[in-house]
Structure formats: C-alpha cells, structure tokens
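K.L.:
I'll drop the sequence and a predicted model, then ask my questions.
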Amino acid sequence: MHEQSLINNLLDKIQRLAATEDGRLIAATLRLGVLAHISAEHLREHFEQATAGTSLEGLRLHIEEQPDIHHPEAQDIILDSLEFERADEC
Ligand SMILES: [Zn+2]
C-alpha cells in the first residue's frame, strides 16, 4: 500500500469526523498493526508532513502498536479515537 495515500485517507477520515463534532480536535489515536509495513516513527513523520499548514497541524498523535501478527488488524492502521476539547470544559 502506498504510504502517502494511506495517510491522506486517514486525514480525510479524521477531518470528516471532526466536522461532525462541536469541540476543537486536539488528539487522535491510531492503532498500528505489526504487519502494516511502517514503523510508528515513520508514520508520525508522514502524519506531521501531511498536516503541516492544514487545519490539523499540531494535532497530537498517539500511536498504539499492536504487536500480534495473528490479530485480524495486524496489517492495518486503524483510527481508534479522536479527542475533542469542548468550550464548556474550559
Ligand atoms: Zn515513507
């Protein structure tokens, strides 16, 4: 799978989900399968490059590495959750 299109798909998904929420998006959590052919560090680099200058710049990224090669998501990068900061929590 091409890394850049994978990252772009992920960012599209994050932006679509963020648009349905009131709060400001502050963090995203990804689950990275051990067979996904990309390291967490490398994924983070691509993410930071891809979000630079966009509305997602500076978004905190948590990457949970999923180490089991027999796991059904072992080859995938899954968007696990998004964190929002709500105005009424300030
Ligand atoms: Zn790369």
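P.N.:
Done, it's in.

K.L.:
Identify the residue nearest the residue nearest the centre of the chain in space, chain neighbours excluded?
P.N.:
In the chain, the residue lying closest to the centroid (Cα atoms, centre = their mean) is residue 30, at 4.7 Å. Excluding the flanking residues, the one nearest residue 30 by Cβ to Cβ, 6 or more residues apart in numbering is residue 63, at 5.2 Å. To be clear about C-beta, it is placed using only N, CA and C from the backbone, and glycine gets the same treatment.

K.L.:
For stretch 17-24, buried residues please.
P.N.:
residue 18 (16 or more other Cβ atoms under 10 Å).

K.L.:
Can I get it in CSV? Just the C-alpha atoms.
P.N.:
Provided in CSV are the C-alpha atoms of stretch 17-24 (Å, rounded to 0.1, in the frame of the first residue of the first chain):
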residue,chain,number,x,y,z
LEU,A,17,-15.3,13.0,11.8
ALA,A,18,-14.1,16.3,13.3
ALA,A,19,-16.6,18.3,11.2
THR,A,20,-19.5,16.5,13.0
GLU,A,21,-18.3,17.5,16.5
ASP,A,22,-18.6,20.8,18.3
GLY,A,23,-15.3,20.8,20.1
ARG,A,24,-11.8,21.6,18.9
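
K.L.:
quick one: average confidence on the helix or strand harbouring residue 78?
P.N.:
Residue 78 is part of strand 77-85, with elements assigned from DSSP states H and E. Over the span of strand 77-85, the pLDDT mean works out to 95.

K.L.:
Can you list the strands that it pairs with?
P.N.:
Applying DSSP bridges to the sheet, strand 77-85 is found paired with strand 24-33 (antiparallel).

K.L.:
Pull out the buried residues from the strand it pairs with.
P.N.:
By neighbour count on 16+ other Cβ under 10 Å, the buried set for strand 24-33 is 25, 28, 30, 31, 32, 33.

K.L.:
Ok, stretch 33-42 next?
P.N.:
In stretch 33-42, counting by 16+ other Cβ under 10 Å, buried: 33, 36, 38.

K.L.:
same question for that stretch, mean pLDDT?
P.N.:
Averaged over stretch 33-42, pLDDT sits at 94.
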